[in-house]
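S.K.: What follows is a predicted protein model with its sequence.
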Amino acid sequence: MTKVLEIHGIKKHFGGIRAVDGVSFDVNKGEILGLIGPNGCGKSTLFNAVLGQLEPTAGRVMLDGHDITGMRPARLSRLGVSRTFQLLQVFPEMSVRENLILAGQEHRGTMVSRLFGPRDAGLGEAADRMIAFFKMSHLAGEKAGGLSYGQQKLLDAAMAFMAGPRLVLLDEPAGGVNLTMLGALKERLRAINSELGATFVVIEHNMEFVMSLCQRVVVMAEGRVLAIGTPAEIRANPAVIDAYLGH
Amino acid sequence: MIALLRSRPAACALAIGVACILLFLPLTLSRFGNYMLAMWAVMTIAAMGLNLTLGYAGQVSLAQGAFVGIGAYATAIMTVNGWPLYAPLLLTVALCFAIGWLLGYPALRVQHHYLAFVTLSFATLAYLVFRNEEWLTKGTYGIFGIPRPTLFGVSLKHHLNFYYFSLAWLVICAGLMLWLVNSPWGRAFTALRENPARAQSLGVDTRRYTLMAFAIGSTMGGVAGVLYAPLVEFIDPNPFGLPLSFSLLLMVIVGGSGYFLGPALGALIAVLLPEWLRDYTQGYYLIAYALLVMVLLIYSPSGILGWVERRTADARTRRASLARQAAVPTYDAGSAS
């Protein structure tokens, strides 16, 4: 199986605190991988160290066999790596539609060709389709900051899909999203996964969401990998039950 | 055009009204009135540039006045020596774009009030150059007799003609700015202001857009300076000190930072209101002006257009909830009678 992302011994220390302490695992092409673990176990810090938001203390990250350790986020994004953040990150003063167009426009052409190109960077229709899929058509022109928390969370995830990414890292996409829309999110994720062959890494505390969606699950505890396996294996793993899932 | 008229009749009526005022009001004004209106147009151009850097891209700059100065000095020096106006215009555009780009570099490291101080030092530096490099700028003695150009055989010596010339430039600059902020670049600038980390994760090269916001905004300041010099016909370093940069910042904030028409309204208040107040309050006009600005900003920190937007949004929500109420059948109403 081809590896899209290889994480080799990533460490991120803040002074004496070892937030991530030597994490290694591979992400296979086309899979949906879950990343779970108790609060503060270093999941989000790992994302940040892998995707250039933080400089890792040690370790290497490979994308398709190329070293991308410490590469700037904007460059990574243009290589087809997309992400969401744990705290929602939309552009509150821009409309829903503008948020989505922005999320895709920097992947099209050059800065100069975009300036003289169409006003919507040729992404208006794609944005409208995405909006319709998440049942937000009536909100397309509203400022993103005026949406409910759950809707903003969905928009946040939808933005990560706009550029037709190869690898998407989602940090708690389900928090605050109602059950119906959670189903829509799962459906969209699967569609992008099967149609575009995009790979996903999903941090989530909603076990039902993770276990039904992911082919493999990585469990972290105290900055290290505790277990890797299929959802069934993880559910049965005594160490995981002890540290996270509970009896 | 017709469609626009139909969909937003109020906005179209307002636009036509404003166009009529800008075109015909000056015919009824004194020479000084026309001079002040031309000053309004010139300052609006400079403030529009700052509105791009600050309002859209979120990068604080207290150096916009310095770029007006650079444009004005380039124009004064060159036109006094017989060059036609387009020569300093081209030079200013190139010079201010390059210097603005360089001034953007500190913004890649520091933000907000730290950035304000960096740009403030640049403004001070520029002022010192205007004042001390006498071989070039004639220092505090100033440069006299800056000629006004002749356009298509029409001399712009008359204030009214120069006003129309400035207004034409304002329309050109505003058109370019409108085109820019509605382009994908405008979207990227706004994203840079709202959340640079997220913008980066979506592939926005925040470094380049930051530098570009400074470069383009500063260029607009320079263009305003190119018009300023022949408008006032005499320049010395004083008008291009820190107060001008602060005044341009005031125009952007008071009008509504990040709103396209903010600078025009802000310049109206910063350039014309003090002169108008002078007629009514004699010696106290600056005090009255300062109090008015303070009250306005306490009442609406997001400026005039921020207030207008809040009001229209409120009215829309109120209409929408009234419509919802009307749509929901109520059971108790009417049953009593």
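M.R.: Yep, it's here. Numbering: from 1, shown residues only, chains lettered A, B, ... in the order given.

S.K.: going forward, measure contacts between C-alpha atoms and count neighbours the same way
M.R.: Fine.

S.K.: in chain A, what residue is nearest chain B?
M.R.: residue A:74 (3.9 Å; CA to the nearest CA).

S.K.: and that residue, what element?
M.R.: Assigning secondary structure by DSSP states H and E places residue A:74 in helix A:73-78.

S.K.: and whichever helix or strand comes after that helix, anywhere near chain B?
M.R.: Tracing the chain C-terminally past helix A:73-78 and defining elements by DSSP H and E, one meets strand A:81-83 next. Yes: for strand A:81-83, a contact with chain B is found by CA under 8 Å from any CA of the partner chain, at A:82, A:83.

S.K.: What's the mean pLDDT across strand A:81-83?
M.R.: Strand A:81-83 comes out with an average pLDDT of 92.

S.K.: Now the element after it, going C-ward?
M.R.: Past strand A:81-83, the next helix or strand by DSSP H and E is helix A:96-105.

S.K.: in what helix or strand does residue A:202 lie?
M.R.: strand A:199-203.

S.K.: can you give me the end-to-end distance of stretch A:86-99?
M.R.: 18 Å (CA to CA, to the nearest Å).

S.K.: Stretch A:235-243 now?
M.R.: End-to-end distance (CA to CA), stretch A:235-243: 12 Å.

S.K.: Could you check how far the residue lying farthest from the centre of chain A is from residue B:97?
M.R.: Most distant from the centre of chain A: residue A:116, at 31.6 Å, with distances by CA atoms, centre = their mean. As defined by CA to CA, residue A:116 lies at a distance of 19 Å from residue B:97.

S.K.: pLDDT (mean, whole number) over the longest helix seen in chain A?
M.R.: For chain A, the helix with the greatest residue count under DSSP state H is helix A:179-195. Per-residue pLDDT over helix A:179-195 has a mean of 88.

S.K.: What lies in contact with that helix?
M.R.: A:30, A:31, A:32, A:133, A:134, A:154, A:161, A:174, A:198, A:199, A:200, A:213 (CA atoms under 8 Å, 6 or more residues apart in numbering or on different chains).

S.K.: Compare those residues and tell me which is most surrounded.
M.R.: Most neighbours among these, by other CA atoms under 10 Å in any protein chain shown: residue A:200, with 28 neighbours.

S.K.: contacting residues for that residue?
M.R.: A:30, A:31, A:32, A:33, A:167, A:168, A:169, A:170, A:193.

S.K.: So which of those residues belong to strands?
M.R.: A:32, A:33, A:167, A:168, A:169, A:170 (DSSP state E).

S.K.: returning to that earlier point: how about the nearest residue to the residue farthest from the centre of chain A, chain neighbours excluded?
M.R.: residue B:183 (7.9 Å; CA to CA, 6 or more residues apart in numbering or on different chains).

S.K.: List the residues that contact the nearest residue to residue A:149 once chain neighbours are set aside.
M.R.: By the measure of CA to CA, 6+ apart, the closest residue to residue A:149 outside its immediate chain neighbours is residue A:176, 6.6 Å from it. By CA under 8 Å, 6+ apart, the contact set of residue A:176 is A:149, A:150, A:153.

S.K.: Okay, now the unreliable bits of the chain?
M.R.: The chain I'm using is chain A. A:247 (pLDDT under 70).

S.K.: Wait, chain B was what I had in mind.
M.R.: B:1, B:328-337.

S.K.: So which bits of chain A are right by chain B?
M.R.: Counting by CA under 8 Å from any CA, chain A sits next to chain B at A:73-78, A:82-83, A:89-94, A:98, A:102-107, A:114-116, A:118-121, A:160.

S.K.: Mind doing that once more with 7 Å?
M.R.: Residues of chain A found near chain B (CA under 7 Å from any CA of the partner chain) are A:73-75, A:77-78, A:82-83, A:89, A:91, A:102-103, A:106, A:114-115, A:119-121.

S.K.: Next, the distance between the ends of stretch B:46-64.
M.R.: End to end - CA to CA - stretch B:46-64 spans 7 Å.

S.K.: returning to that earlier point: filter the contacts of residue A:176 to the buried ones?
M.R.: A:150, A:153 (16 or more other CA atoms under 10 Å in any protein chain shown).

S.K.: quick revisit: just confirm the residue nearest to residue A:149 is within a strand.
M.R.: No: going by DSSP: H, G, I helix; E, B strand; the rest coil, the assignment for residue A:176 is coil, not a strand.

S.K.: re earlier: and after the strand holding residue A:202, which helix or strand comes next?
M.R.: helix A:207-213.

S.K.: buried residues in that following helix?
M.R.: A:209, A:210, A:211, A:213.

S.K.: contacting residues around the closest residue to the third one other than its chain neighbours?
M.R.: Once its chain neighbours are removed from consideration, residue A:211 has its nearest residue in residue A:231; the separation is 5.4 Å (CA to CA, 6+ apart). The neighbourhood of residue A:231, defined by CA atoms under 7 Å, 6 or more residues apart in numbering or on different chains, consists of A:211, A:215, A:216, A:217.
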